[in-house]
Every structure is written in structure tokens, then in C-alpha cells.
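**Student:** missing the sequence, but the structure's below:
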């Protein structure tokens, strides 16, 4: 009787181990997809709307953090995600250069052009941030 009980425990233990391995694989795949998608969005900047876009007035308050600026831009429909904007700013030539003020931005601008305007870099802003 003890021998059958040991076999049942071994089978249950093996089944549990397989379930844990499957869960780990699913987690790794999900994390990989999420990280890839986040990285892709950072480096593949797209304007919110093609063509002319819509002009929107944005007020950046003195002392606003980059994330707060990103949230304001996201709320106005100028960017898709404030977290992505935050990372884009940290990786850009405009790091630490965004200035408070009132700006007229377009939904046809990509994040680089928006950062150029917010940094007061009129030359880059006129060329589309390239």
C-alpha cells in the first residue's frame, strides 16, 4: 500500500513541476514581448495623427518633471505614453533642456520634434527634429 502511495506522490510532484516550468516559460515569453514592445516604441517614434494634424496649446509649468510633461502631452493627445516619452527624453540630445512655457504643438509632430520645441531648439524643430 505504501508503494502505491509513493507512486501517486511522485506523479503529482512531476505534474506540479511541469506546471511550474510551463508557467515560467509563459512568464519569460510575456516579459520578452513587453520589453521588446517598450523598446520598439521608444525608437520607432510616430506622430499621433498623419498629415497636418491638429494644433493643441500646452502649458508646461515651471518645475515640471519630464514625466509630468509627458503626462500633460499624453492627456492632450500629442503622445501615446508618458513613460515612453520619459525614456525618449533621457536618451535624446534634449535631456534636461525642456523649458516651461506655453506651446502650440501638433498631433503631427513626433516626440523628437516636440522635445526640440520644448527645449527651444527652433532650428531642429523647423526641420522636424532630425
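**Tutor:** Great, that's in hand. Source: prediction; values computed, not measured. Numbers count the residues shown, from 1 in each chain.

**Student:** the host helix or strand of residue 105: which residues count as buried?
**Tutor:** Using DSSP states H and E, residue 105 sits in strand 101-106. For strand 101-106, a neighbour-count test (16 or more other C-beta atoms under 10 Å) marks 103, 105, 106 as buried. Every residue, glycine included, has its C-beta placed from N, CA and C.

**Student:** out of those, who's nearest residue 52?
**Tutor:** The closest of the buried residues of strand 101-106 to residue 52 turns out to be residue 106 (C-beta to C-beta; 7.5 Å).

**Student:** burial count for the closest residue to that closest one other than its chain neighbours?
**Tutor:** Nearest non-adjacent residue to residue 106, counting by C-beta to C-beta, 6 or more residues apart in numbering: residue 53, 4.1 Å away. The criterion is other C-beta atoms under 10 Å. On that basis, residue 53 has 16 neighbouring residues.

**Student:** where do the strands sit along this protein?
**Tutor:** 55-60, 101-106 (DSSP state E).

**Student:** output the contacting helices and strands for the strand holding residue 105.
**Tutor:** When contacts are defined as 3 or more C-beta pairs under 8 Å, 6 or more residues apart in numbering; DSSP states H and E, strand 101-106 packs onto strand 55-60, helix 111-118.

**Student:** direction included, what does the first one pair up with?
**Tutor:** In the sheet, strand 55-60 lines up against strand 101-106 (antiparallel) (DSSP bridges).

**Student:** any idea how far residue 43 is from residue 36?
**Tutor:** Per C-beta to C-beta, to the nearest Å, residue 36 is found 11 Å from residue 43.

**Student:** any idea how far residue 67 is from the spatially most central residue of the chain?
**Tutor:** The chain has residue 84 as the residue nearest its centroid, 2.7 Å off, counting by C-alpha atoms, centre = their mean. As judged by C-beta to C-beta, residue 84 and residue 67 stand 11 Å apart.

**Student:** try residue 34
**Tutor:** Distance from residue 34 to residue 67, by C-beta to C-beta: 19 Å.

**Student:** more neighbours: those two, which one.
**Tutor:** residue 67 (13 against 10).

**Student:** residue ranges with poor pLDDT in this protein?
**Tutor:** Along the chain, segments meeting pLDDT under 70 span 1-9, 122-130.
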